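Asks: Sequence isn't available, so here's the structure alone:
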(Lines give C-alpha, C1' and ligand atoms only; values in the text may rest on other atoms or scores of the structure.)
Protein backbone atom coordinates (compact mmCIF):
# COMPACT_ATOMS: atom_id res chain seq x y z
CA UNK A 1 0.00 0.00 0.00
CA UNK A 2 1.02 3.59 -0.59
CA UNK A 3 0.56 6.72 1.54
CA UNK A 4 1.08 9.00 -1.47
CA UNK A 5 2.01 8.74 -5.14
CA UNK A 6 4.98 6.39 -5.49
CA UNK A 7 5.41 6.39 -1.68
CA UNK A 8 5.00 3.14 0.23
CA UNK A 9 3.58 3.11 3.76
CA UNK A 10 6.44 3.04 6.26
CA UNK A 11 6.75 -0.06 8.43
CA UNK A 12 3.67 -1.63 6.84
CA UNK A 13 2.82 -5.09 8.14
CA UNK A 14 -0.21 -7.15 7.28
CA UNK A 15 -2.66 -8.31 9.94
CA UNK A 16 -1.49 -11.90 9.46
CA UNK A 17 1.63 -10.83 11.37
CA UNK A 18 -0.50 -10.15 14.45
CA UNK A 19 -2.38 -13.41 14.88
CA UNK A 20 -3.03 -15.21 18.13
CA UNK A 21 -4.86 -18.53 18.49
CA UNK A 22 -8.38 -18.62 17.11
CA UNK A 23 -11.21 -18.02 19.54
CA UNK A 24 -12.50 -21.57 19.17
CA UNK A 25 -9.02 -23.11 19.16
CA UNK A 26 -6.57 -23.76 16.36
CA UNK A 27 -4.55 -21.27 14.33
CA UNK A 28 -5.73 -17.67 13.90
CA UNK A 29 -6.83 -16.15 10.60
CA UNK A 30 -7.75 -12.93 8.82
CA UNK A 31 -10.37 -12.88 6.07
CA UNK A 32 -12.91 -10.65 4.36
CA UNK A 33 -16.07 -11.75 2.57
CA UNK A 34 -16.03 -10.51 -1.03
CA UNK A 35 -19.85 -10.37 -1.18
CA UNK A 36 -20.86 -9.45 2.38
CA UNK A 37 -17.88 -7.27 3.31
CA UNK A 38 -17.43 -8.91 6.72
CA UNK A 39 -13.84 -8.53 7.99
CA UNK A 40 -12.87 -11.27 10.46
CA UNK A 41 -9.68 -11.09 12.53
CA UNK A 42 -9.54 -14.16 14.73
CA UNK A 43 -7.70 -13.19 16.94
CA UNK A 44 -5.28 -10.26 17.51
CA UNK A 45 -2.19 -11.03 19.59
CA UNK A 46 -1.05 -7.45 20.21
CA UNK A 47 -2.49 -4.39 21.93
CA UNK A 48 -2.57 -1.22 19.83
CA UNK A 49 -4.25 0.68 17.02
CA UNK A 50 -4.41 -0.92 13.60
CA UNK A 51 -5.50 0.74 10.37
CA UNK A 52 -7.07 -1.24 7.54
CA UNK A 53 -7.81 0.00 4.01
CA UNK A 54 -10.65 -1.80 2.21
CA UNK A 55 -11.14 -1.53 -1.53
CA UNK A 56 -14.73 -1.94 -2.75
CA UNK A 57 -15.14 -2.57 -6.48
CA UNK A 58 -18.21 -2.08 -8.65
CA UNK A 59 -18.97 -4.48 -11.52
CA UNK A 60 -21.96 -4.54 -13.86
CA UNK A 61 -23.25 -7.34 -16.06
CA UNK A 62 -23.69 -6.22 -19.67
CA UNK A 63 -26.14 -7.46 -22.29
CA UNK A 64 -23.88 -10.42 -23.17
CA UNK A 65 -23.77 -11.62 -19.55
CA UNK A 66 -20.16 -10.53 -19.03
CA UNK A 67 -19.23 -8.48 -15.94
CA UNK A 68 -17.55 -5.15 -16.68
CA UNK A 69 -15.43 -3.31 -14.11
CA UNK A 70 -16.78 0.20 -13.45
CA UNK A 71 -14.65 1.58 -10.64
CA UNK A 72 -13.72 1.34 -6.99
CA UNK A 73 -13.60 3.24 -3.72
CA UNK A 74 -11.19 2.80 -0.79
CA UNK A 75 -12.32 3.20 2.81
CA UNK A 76 -10.15 3.20 5.93
CA UNK A 77 -11.06 1.57 9.25
CA UNK A 78 -9.24 1.79 12.58
CA UNK A 79 -9.26 -1.20 14.92
CA UNK A 80 -8.30 -0.60 18.57
CA UNK A 81 -7.15 -3.71 20.43
CA UNK A 82 -7.24 -3.60 24.25
CA UNK A 83 -7.01 -6.03 27.13
CA UNK A 84 -10.36 -6.82 28.73
CA UNK A 85 -11.90 -9.30 31.14
CA UNK A 86 -15.15 -9.05 29.22
CA UNK A 87 -16.12 -11.65 26.63
CA UNK A 88 -18.12 -10.83 23.54
CA UNK A 89 -21.72 -11.95 22.99
CA UNK A 90 -22.49 -14.55 20.33
CA UNK A 91 -25.18 -14.09 17.68
CA UNK A 92 -27.09 -17.07 16.31
CA UNK A 93 -28.80 -16.51 12.95
CA UNK A 94 -30.83 -18.88 10.80
CA UNK A 95 -29.45 -20.09 7.49
CA UNK A 96 -29.89 -17.69 4.58
CA UNK A 97 -33.54 -17.51 3.54
CA UNK A 98 -35.52 -17.53 0.32
CA UNK A 99 -39.09 -16.22 0.28
CA UNK A 100 -41.68 -15.58 -2.40
CA UNK A 101 -43.15 -12.08 -2.55
CA UNK A 102 -46.25 -11.63 -0.37
CA UNK A 103 -45.21 -14.51 1.91
CA UNK A 104 -44.27 -13.78 5.53
CA UNK A 105 -40.92 -14.36 7.22
CA UNK A 106 -40.99 -14.77 11.00
CA UNK A 107 -37.62 -16.13 12.10
CA UNK A 108 -35.85 -16.06 15.45
CA UNK A 109 -32.64 -14.12 16.06
CA UNK A 110 -30.76 -15.05 19.22
CA UNK A 111 -27.78 -13.69 21.12
CA UNK A 112 -26.17 -15.03 24.27
CA UNK A 113 -23.41 -13.66 26.47
CA UNK A 114 -20.90 -16.02 28.13
CA UNK A 115 -20.72 -13.68 31.15
CA UNK A 116 -24.55 -13.47 31.33
CA UNK A 117 -24.54 -9.73 30.70
CA UNK A 118 -27.66 -8.32 29.06
CA UNK A 119 -27.59 -8.12 25.25
CA UNK A 120 -28.95 -5.53 22.83
CA UNK A 121 -29.66 -6.63 19.24
CA UNK A 122 -29.71 -4.20 16.30
CA UNK A 123 -30.58 -4.79 12.64
CA UNK A 124 -29.90 -2.65 9.57
CA UNK A 125 -30.92 -3.27 5.99
CA UNK A 126 -32.86 -1.83 3.08
CA UNK A 127 -36.14 -3.41 4.21
CA UNK A 128 -36.07 -1.31 7.43
CA UNK A 129 -35.54 1.99 5.58
CA UNK A 130 -38.43 4.44 5.85
CA UNK A 131 -38.00 5.25 2.14
CA UNK A 132 -38.34 1.61 1.06
CA UNK A 133 -41.62 0.16 -0.20
CA UNK A 134 -44.11 -1.06 2.37
CA UNK A 135 -44.51 -3.37 4.13
CA UNK A 136 -41.16 -2.93 5.84
CA UNK A 137 -39.41 -5.35 8.17
CA UNK A 138 -39.67 -5.01 11.94
CA UNK A 139 -38.46 -6.76 15.08
CA UNK A 140 -40.56 -8.12 17.94
CA UNK A 141 -39.82 -9.60 21.34
CA UNK A 142 -40.69 -13.14 22.35
CA UNK A 143 -43.92 -11.71 23.77
CA UNK A 144 -44.92 -10.27 20.40
CA UNK A 145 -44.29 -6.60 21.26
CA UNK A 146 -42.23 -4.31 19.04
CA UNK A 147 -38.58 -4.54 20.03
CA UNK A 148 -37.19 -1.08 20.83
CA UNK A 149 -33.51 -1.97 21.25
CA UNK A 150 -33.45 -2.48 25.01
CA UNK A 151 -30.79 -4.66 26.63
CA UNK A 152 -32.39 -8.07 27.16
CA UNK A 153 -31.37 -10.79 29.62
CA UNK A 154 -29.07 -13.40 28.09
CA UNK A 155 -29.97 -15.43 26.11
CA UNK A 156 -31.86 -12.76 24.18
CA UNK A 157 -34.41 -13.80 21.54
CA UNK A 158 -36.21 -11.55 19.09
CA UNK A 159 -38.15 -12.23 15.90
CA UNK A 160 -37.50 -10.78 12.45
CA UNK A 161 -40.82 -10.13 10.68
CA UNK A 162 -41.12 -9.25 7.00
CA UNK A 163 -43.65 -9.74 4.23
CA UNK A 164 -41.86 -8.47 1.10
CA UNK A 165 -44.11 -7.12 -1.65
CA UNK A 166 -43.60 -7.56 -5.39
CA UNK A 167 -41.42 -4.41 -5.29
CA UNK A 168 -38.66 -6.37 -3.55
CA UNK A 169 -38.24 -9.14 -6.14
CA UNK A 170 -34.69 -9.21 -7.49
CA UNK A 171 -31.93 -11.61 -8.47
CA UNK A 172 -29.45 -10.72 -5.74
CA UNK A 173 -30.24 -11.35 -2.07
CA UNK A 174 -30.91 -8.60 0.45
CA UNK A 175 -28.52 -8.32 3.38
CA UNK A 176 -29.49 -7.65 6.99
CA UNK A 177 -26.60 -6.79 9.31
CA UNK A 178 -27.27 -7.89 12.88
CA UNK A 179 -25.19 -6.57 15.77
CA UNK A 180 -25.32 -7.88 19.34
CA UNK A 181 -23.86 -5.63 22.07
CA UNK A 182 -23.41 -6.77 25.65
CA UNK A 183 -23.94 -4.54 28.69
CA UNK A 184 -21.23 -5.31 31.27
CA UNK A 185 -20.79 -3.33 34.51
CA UNK A 186 -18.31 -0.45 34.04
CA UNK A 187 -15.71 -2.18 36.23
CA UNK A 188 -15.58 -5.12 33.80
CA UNK A 189 -14.65 -3.08 30.76
CA UNK A 190 -16.20 -1.69 27.56
CA UNK A 191 -19.09 -3.36 25.74
CA UNK A 192 -18.18 -5.88 23.07
CA UNK A 193 -20.12 -6.85 19.95
CA UNK A 194 -20.74 -9.66 17.53
CA UNK A 195 -21.77 -8.89 13.93
CA UNK A 196 -23.25 -11.31 11.43
CA UNK A 197 -25.04 -10.99 8.08
CA UNK A 198 -28.29 -12.70 7.06
CA UNK A 199 -29.13 -12.87 3.35
CA UNK A 200 -32.73 -13.07 2.12
CA UNK A 201 -33.58 -13.71 -1.53
CA UNK A 202 -37.02 -12.53 -2.66
CA UNK A 203 -38.37 -14.42 -5.67
CA UNK A 204 -41.59 -14.11 -7.64
CA UNK A 205 -44.58 -16.13 -6.42
CA UNK A 206 -45.64 -19.05 -8.58
CA UNK A 207 -48.33 -18.40 -11.24
CA UNK A 208 -51.64 -19.94 -10.26
CA UNK A 209 -54.22 -22.28 -11.78
CA UNK A 210 -52.33 -23.52 -14.83
CA UNK A 211 -54.71 -25.58 -17.00
CA UNK A 212 -53.95 -27.71 -20.07
CA UNK A 213 -56.78 -28.74 -22.40
CA UNK A 214 -56.17 -30.94 -25.45
CA UNK A 215 -57.81 -29.87 -28.72
CA UNK A 216 -58.00 -33.14 -30.62
CA UNK A 217 -59.53 -31.47 -33.66
CA UNK A 218 -56.59 -29.14 -34.27
CA UNK A 219 -53.95 -31.32 -32.58
CA UNK A 220 -52.85 -28.61 -30.14
CA UNK A 221 -52.87 -28.14 -26.37
CA UNK A 222 -54.37 -24.95 -24.99
CA UNK A 223 -52.78 -23.62 -21.82
CA UNK A 224 -54.29 -20.98 -19.55
CA UNK A 225 -53.54 -19.51 -16.10
CA UNK A 226 -54.72 -16.76 -13.78
CA UNK A 227 -53.48 -13.16 -14.20
CA UNK A 228 -50.11 -12.93 -12.47
CA UNK A 229 -50.20 -11.25 -9.07
CA UNK A 230 -46.90 -9.40 -9.69
CA UNK A 231 -47.65 -8.48 -13.30
CA UNK A 232 -46.89 -4.79 -12.64
CA UNK A 233 -43.24 -5.69 -12.02
CA UNK A 234 -42.68 -8.73 -14.26
CA UNK A 235 -41.76 -8.72 -17.97
CA UNK A 236 -42.60 -12.09 -19.54
CA UNK A 237 -44.09 -15.48 -18.81
CA UNK A 238 -42.02 -18.51 -19.86
CA UNK A 239 -43.79 -21.73 -20.84
CA UNK A 240 -41.99 -24.97 -19.96
CA UNK A 241 -42.70 -28.53 -21.02
CA UNK A 242 -41.34 -31.99 -20.32
CA UNK A 243 -42.18 -35.46 -21.47
CA UNK A 244 -44.11 -37.45 -18.87
CA UNK A 245 -44.86 -36.37 -15.32
CA UNK A 246 -42.26 -35.40 -12.67
CA UNK A 247 -42.13 -37.10 -9.29
CA UNK A 248 -40.15 -34.50 -7.30
CA UNK A 249 -41.13 -31.05 -6.06
CA UNK A 250 -38.82 -28.09 -6.80
CA UNK A 251 -36.26 -27.24 -4.11
CA UNK A 252 -36.37 -24.02 -2.10
CA UNK A 253 -35.22 -21.06 -4.23
CA UNK A 254 -35.25 -23.22 -7.38
CA UNK A 255 -36.90 -20.65 -9.65
CA UNK A 256 -38.00 -21.13 -13.22
CA UNK A 257 -38.06 -24.67 -14.55
CA UNK A 258 -37.22 -27.10 -11.70
CA UNK A 259 -33.62 -28.28 -11.99
CA UNK A 260 -32.94 -31.79 -13.14
CA UNK A 261 -36.52 -32.64 -14.15
CA UNK A 262 -36.17 -32.37 -17.91
CA UNK A 263 -38.22 -29.23 -18.57
CA UNK A 264 -37.39 -27.16 -21.63
CA UNK A 265 -38.71 -23.83 -22.85
CA UNK A 266 -41.31 -23.90 -25.61
CA UNK A 267 -42.33 -20.25 -25.68
CA UNK A 268 -42.70 -16.84 -24.07
CA UNK A 269 -45.59 -14.40 -23.87
CA UNK A 270 -45.96 -10.84 -22.52
CA UNK A 271 -46.74 -10.80 -18.82
CA UNK A 272 -50.34 -9.68 -19.29
CA UNK A 273 -51.13 -12.72 -21.44
CA UNK A 274 -52.85 -15.62 -19.70
CA UNK A 275 -52.88 -18.28 -22.42
CA UNK A 276 -50.60 -20.14 -24.82
CA UNK A 277 -51.18 -22.68 -27.59
CA UNK A 278 -48.70 -25.55 -27.81
CA UNK A 279 -48.65 -26.43 -31.52
CA UNK A 280 -45.67 -28.78 -31.25
CA UNK A 281 -47.30 -31.43 -29.08
CA UNK A 282 -47.38 -34.93 -30.53
CA UNK A 283 -50.55 -36.98 -30.67
CA UNK A 284 -50.64 -39.66 -27.97
CA UNK A 285 -47.70 -38.25 -25.98
CA UNK A 286 -47.93 -37.33 -22.28
CA UNK A 287 -46.62 -33.92 -21.21
CA UNK A 288 -46.18 -31.87 -18.06
CA UNK A 289 -46.32 -28.07 -18.25
CA UNK A 290 -45.22 -25.23 -16.00
CA UNK A 291 -45.05 -21.46 -16.42
CA UNK A 292 -42.86 -18.94 -14.62
CA UNK A 293 -42.39 -15.17 -14.67
CA UNK A 294 -39.16 -13.26 -15.26
CA UNK A 295 -38.43 -9.69 -14.16
CA UNK A 296 -36.57 -6.96 -16.05
CA UNK A 297 -33.11 -5.55 -15.40
CA UNK A 298 -31.51 -4.03 -13.48
CA UNK A 299 -33.03 -5.91 -10.53
CA UNK A 300 -33.84 -9.02 -12.51
CA UNK A 301 -35.21 -12.07 -10.79
CA UNK A 302 -37.55 -14.93 -11.58
CA UNK A 303 -40.56 -16.64 -10.06
CA UNK A 304 -41.16 -20.13 -8.84
CA UNK A 305 -42.75 -22.27 -11.54
CA UNK A 306 -46.45 -23.01 -11.39
CA UNK A 307 -47.75 -26.32 -10.09
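Replies: Structure received. Just so we're clear, the structure is a prediction, and the values are computed from it rather than from any experiment.
Asks: Only C-alpha atoms from now on, for both contacts and neighbour counts.
Replies: Will do.
Asks: Centre of the chain to stretch 264-273, how far?
Replies: 28 Å (CA atoms, centre = their mean, to the nearest Å).
Asks: try stretch 262-271
Replies: Worked out by CA atoms, centre = their mean, stretch 262-271 lies 27 Å from the chain centre.
Asks: Please apply the same query to stretch 72-90.
Replies: Centroid displacement of stretch 72-90 relative to its chain, using CA atoms, centre = their mean, is 25 Å.
Asks: Could you give me the buried positions within it?
Replies: 86, 87, 88, 89, 90 (16 or more other CA atoms under 10 Å).
Asks: ok, which stretches of the stretch 201-307 of the chain are strands?
Replies: 211-215, 220-224, 236-243, 264-270, 275-278, 287-294 (DSSP state E, counting those that start in this stretch).
Asks: Counting by contacts, list what the fifth one packs against.
Replies: When you say that, I think you mean strand 275-278. In terms of contacts (3 or more CA pairs under 8 Å, 6 or more residues apart in numbering; DSSP states H and E), strand 275-278 is packed against strand 220-224.
Asks: who touches the strand it packs on?
Replies: The contact list for strand 220-224 (CA atoms under 8 Å, 6 or more residues apart in numbering) reads 209-215, 274-281.
Asks: ok, now stretch 135-155?
Replies: With CA under 8 Å, 6+ apart, stretch 135-155 has contacts from 110-113, 116-122, 127-130, 157-165, 182-183.
Asks: Would you list the buried entries among the residues you listed?
Replies: Buried, going by 16+ other CA under 10 Å: 110-113, 117-122, 127-128, 157-165, 182-183, out of the contacts of stretch 135-155.
Asks: Mind checking which of those are in strands?
Replies: 110-112, 118-122, 157-162, 182-183 (DSSP state E).
Asks: which of the residues you listed lies closest to residue 254?
Replies: residue 162 (20.9 Å; CA to CA).
Asks: beta partners of residue 291?
Replies: residue 239 (DSSP bridges).
Asks: My read is that it contacts residue 207, right?
Replies: Yes - Residue 291 is within contact range of residue 207, at 6.8 Å (criterion: CA atoms under 8 Å).
Asks: what pLDDT, on average, does stretch 231-240 get?
Replies: Per-residue pLDDT values over stretch 231-240 give a mean of 97.
Asks: now that stretch, how far from the chain's geometric center?
Replies: With CA atoms, centre = their mean as the basis, the mean position of stretch 231-240 lies at 22 Å from the chain mean.
Asks: Looking at the strands of the stretch 201-307 of the chain, which one is packed in the most?
Replies: strand 287-294 (a mean of 23; mean count of other CA atoms under 10 Å).
Asks: what angle do it and strand 211-215 make?
Replies: Between strand 287-294 and strand 211-215, the angle comes out at 130 degrees (axes from the mean of the first three to the mean of the last three CA atoms, to 10 degrees).
Asks: tell me what strand 287-294 is packed against?
Replies: Against strand 287-294 (3+ CA pairs under 8 Å, 6+ apart) you get strand 236-243.
Asks: Distance from the strand it packs on to the middle of the chain?
Replies: 27 Å.
Asks: same question, stretch 255-271
Replies: 24 Å.
Asks: Please apply the same query to stretch 156-172.
Replies: Counting by CA atoms, centre = their mean, stretch 156-172 comes out at 9 Å from the chain centroid.
Asks: Over to stretch 7-24?
Replies: 31 Å.
Asks: Could you pull out the buried residues of that stretch?
Replies: Neighbour-count burial for stretch 7-24 [16+ other CA under 10 Å]: 15, 18, 19, 20.
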